[in-house]
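Chemist: Next come a sequence and a model predicted from it.
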Amino acid sequence: MQEDPRKVFLIGLTTSQGNLDYELEELANLAKANNLEPVETFTQKLERPNPGTYFGKGKVEELGNAVKTYEVDLIVVNDELSPSQIRNLEKMTEATVVDRTGLILEIFAQRAQTKVAKLQVQLARLQYQLPRLRTSMSISLDQQTGTGGAGFTSRGSGETKLEQSRQRITSQMVHVRQELTELDKSEHTRAMQRRNNNLPNVALVGYTNAGKSTLMNRLLSRFGIGSETDESKQVFEKDMLFATLNTTVRQLTLPDKRQFLLSDTVGFVSKLPHNLVAAFKSTLQEAAHADLILHVVDVSDEHYQNMMATTEKTLTEIGITDKPVITVYNKADKASLHYPEISGDHTITVSALNSESQDALIDLIVKHIFKDSKIVTLHISFDKNDVVAQLAAQHKFITEEYDETGSWLTVELSKFERNLFQQYIVNTTSVDS
Ligand SMILES: Nc1nc2c(ncn2[C@@H]2O[C@H](COP(=O)(O)OP(=O)(O)OP(=O)(O)O)[C@@H](O)[C@H]2O)c(=O)[nH]1
Ligand SMILES: [Mg+2]
């Protein structure tokens, strides 16, 4: 059973660059995801954080007084703090201080299900903890299994144990990295095999809770192959932050037999910790190799434009800059917008739950990934029946005729396939789509 939420303060700086309202709302959601209940918010207008104490002196005193009055013993900070800022703030307010990075790392730690995700989170946490052993953020190393949230309760390690702890963390980091490298190798092999299939690769990306996994599941239940339409093969979807922490790739087959791969992956949030982005780099590789990105947006959220900017920024950070993107405005049902609605080649408004929306999205995807398709006529002699079988497995023939010299087939082929079957092609016409 879940305990009662613990009361916390949120604190943040108003700068000319940031958008504090949005960031604080996001921070409140991150706190709630950690079973914390924000009771009061403190903000200060400062261009840069005070290097020693984050807030200025007067504001820190005010905060310290409020800690006593409200009997709150945990303060959540909207930015990543230096170890000394955390220490000073803790000393001056007599409360435990958690920064945004620490909070996000905790949520990831609680959500991680697969072995790879657990190791990735563990690595990011260890990297984060190493310089922070003298703050409350240092979680008892015995709890450092990467399985559950440690919950910001334990005080920092004593001075005498400090060096010991440092060494343990360092050696754990080495160990986790080794394990990840091993697992990465086998995943890399699988990814290469998938790429060798030469099916187009489409990746769902976007802010956390936008509906990526829901879209994946709805498309899978209609176009998945064989057992992939089974519920057991569905990915986890839920109304919570960071429901998905791993990457899933599935093959979809359309009624005309054309196929492509669809991947679902971890969602984004502002100021996603660098350690975490680095640790999840291999998870995000699938998007890096995509032929087409579907940027899923929860258009029913009043901050959806900020969320889009956050996603775009994160994509740039992980080096995904020059891919074709379709923006999928999702949850149109909740936003009372008309759906499905396509505007131009790169924008569609949908409800993931609605089958017309799914069809419209599929049409738009097809338009992008098969855009270099052409209708060709092939002539294949009878001793090459395996080639006919190979084509038949992935295509619906537009016409097929047989005479004493072999088969005459007209079929729509991608550029890659036209190269592959070049020797059989007798005639090519372009397709308008
Ligand atoms: N009303 C409505 N709800 C939706 C729609 N699409 C998704 N949802 C709900 O939104 C919540 C989040 O959906 P997910 O698919 O888990 O979101 P996600 O983008 O995979 O989130 P993360 O894995 O956390 O990044 C779930 O409760 C879904 O049922 C939609 O089109 N309309
Ligand atoms: Mg998801």
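Modeler: Received it, and whenever you're ready, just let me know what you need. Ligands and ions are numbered 1, 2, ... in the order given.
Chemist: can we go C-alpha only for contacts and neighbour counts from here?
Modeler: Will do.
Chemist: Pull the number of nearby residues for residue 410.
Modeler: Neighbourhood size, residue 410 [other Cα atoms under 10 Å]: 21.
Chemist: just residue 349 next, same as before
Modeler: When neighbours are counted by other Cα under 10 Å, residue 349 registers 25.
Chemist: Setting aside sequence neighbours, what's the nearest residue to it?
Modeler: residue 329 (4.5 Å; Cα to Cα, 6 or more residues apart in numbering).
Chemist: a helix runs through the one you found, doesn't it?
Modeler: No. Under the criterion used here (DSSP: H, G, I helix; E, B strand; the rest coil), residue 329 is strand, not part of a helix.
Chemist: hey, where'd the helices end up in the protein?
Modeler: 20-33, 57-70, 83-93, 100-111, 115-129, 159-196, 212-223, 274-279, 285-288, 304-317, 355-369, 385-394, 415-420 (DSSP state H).
Chemist: thought residue 123 was touching residue 178?
Modeler: No. At 10.8 Å, residue 123 does not count as touching residue 178 under the criterion of Cα atoms under 8 Å.
Chemist: re the thing from before, kindly reformat the helices of the chain as CSV containing mean neighbour count.
Modeler: Conversion of the helices of the chain to CSV gives the following (neighbours: other Cα atoms under 10 Å):
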stretch, mean neighbour count
helix 20-33, 18
helix 57-70, 15
helix 83-93, 19
helix 100-111, 22
helix 115-129, 23
helix 159-196, 14
helix 212-223, 22
helix 274-279, 18
helix 285-288, 21
helix 304-317, 17
helix 355-369, 17
helix 385-394, 13
helix 415-420, 13
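Chemist: would CSV of these with mean pLDDT and distance to ligand 1 be doable?
Modeler: Shown next, in CSV, are the helices of the chain (pLDDT from 0 to 100; distance: least, Cα to the nearest ligand atom, whole Å):
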stretch, mean pLDDT, distance to ligand 1
helix 20-33, 93, 11
helix 57-70, 96, 32
helix 83-93, 94, 29
helix 100-111, 91, 10
helix 115-129, 91, 13
helix 159-196, 83, 20
helix 212-223, 95, 4
helix 274-279, 82, 14
helix 285-288, 83, 14
helix 304-317, 93, 11
helix 355-369, 96, 9
helix 385-394, 86, 29
helix 415-420, 84, 32
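Chemist: Reformat these as JSON lines; add distance to residue 39.
Modeler: Formatted as JSON lines, the helices of the chain follow (distance: least, Cα to Cα, whole Å):
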{"stretch": "helix 20-33", "distance to residue 39": "10"}
{"stretch": "helix 57-70", "distance to residue 39": "9"}
{"stretch": "helix 83-93", "distance to residue 39": "16"}
{"stretch": "helix 100-111", "distance to residue 39": "17"}
{"stretch": "helix 115-129", "distance to residue 39": "27"}
{"stretch": "helix 159-196", "distance to residue 39": "34"}
{"stretch": "helix 212-223", "distance to residue 39": "31"}
{"stretch": "helix 274-279", "distance to residue 39": "28"}
{"stretch": "helix 285-288", "distance to residue 39": "39"}
{"stretch": "helix 304-317", "distance to residue 39": "24"}
{"stretch": "helix 355-369", "distance to residue 39": "40"}
{"stretch": "helix 385-394", "distance to residue 39": "58"}
{"stretch": "helix 415-420", "distance to residue 39": "59"}
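Chemist: Show me the one of these that comes nearest residue 251.
Modeler: Nearest to residue 251, of all these, is helix 212-223, at 8.2 Å by Cα to Cα.
Chemist: Format the CA atom coordinates belonging to that closest one as PDB.
Modeler: The C-alpha trace of helix 212-223 is given here as PDB (Å, rounded to 0.1, in the frame of the first residue of the first chain):
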ATOM      1  CA  LYS A 212       3.200   7.200 -27.700                       C
ATOM      2  CA  SER A 213       2.700   3.700 -26.200                       C
ATOM      3  CA  THR A 214      -1.100   4.000 -26.700                       C
ATOM      4  CA  LEU A 215      -0.600   4.700 -30.400                       C
ATOM      5  CA  MET A 216       1.900   1.900 -30.700                       C
ATOM      6  CA  ASN A 217      -0.600  -0.500 -29.100                       C
ATOM      7  CA  ARG A 218      -3.500   0.600 -31.200                       C
ATOM      8  CA  LEU A 219      -1.600   0.200 -34.400                       C
ATOM      9  CA  LEU A 220      -0.200  -3.100 -33.300                       C
ATOM     10  CA  SER A 221      -3.500  -4.600 -32.500                       C
ATOM     11  CA  ARG A 222      -4.600  -3.800 -36.100                       C
ATOM     12  CA  PHE A 223      -1.500  -4.200 -38.100                       C
END
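Chemist: and for that helix, what are the contacting residues?
Modeler: 204-206, 228-231, 234-237, 244, 250, 252-255, 262-265, 296, 352-353, 358 (Cα atoms under 8 Å, 6 or more residues apart in numbering).
Chemist: do the same with stretch 399-415
Modeler: 370-382, 395-398.
Chemist: now with 6 Å?
Modeler: 372-382, 397-398 (Cα atoms under 6 Å, 6 or more residues apart in numbering).
Chemist: distance between the ends of that stretch?
Modeler: 20 Å (Cα to Cα, to the nearest Å).
Chemist: got it, and stretch 401-415?
Modeler: Stretch 401-415: ends 24 Å apart by Cα to Cα.
Chemist: Return the distance of the closest residue in space to residue 107 that isn't next to it in sequence relative to residue 109.
Modeler: Leaving aside its chain neighbours, residue 107 sits nearest to residue 34 (6.3 Å; criterion: Cα to Cα, 6+ apart). For residue 34, the distance to residue 109 (Cα to Cα) stands at 11 Å.
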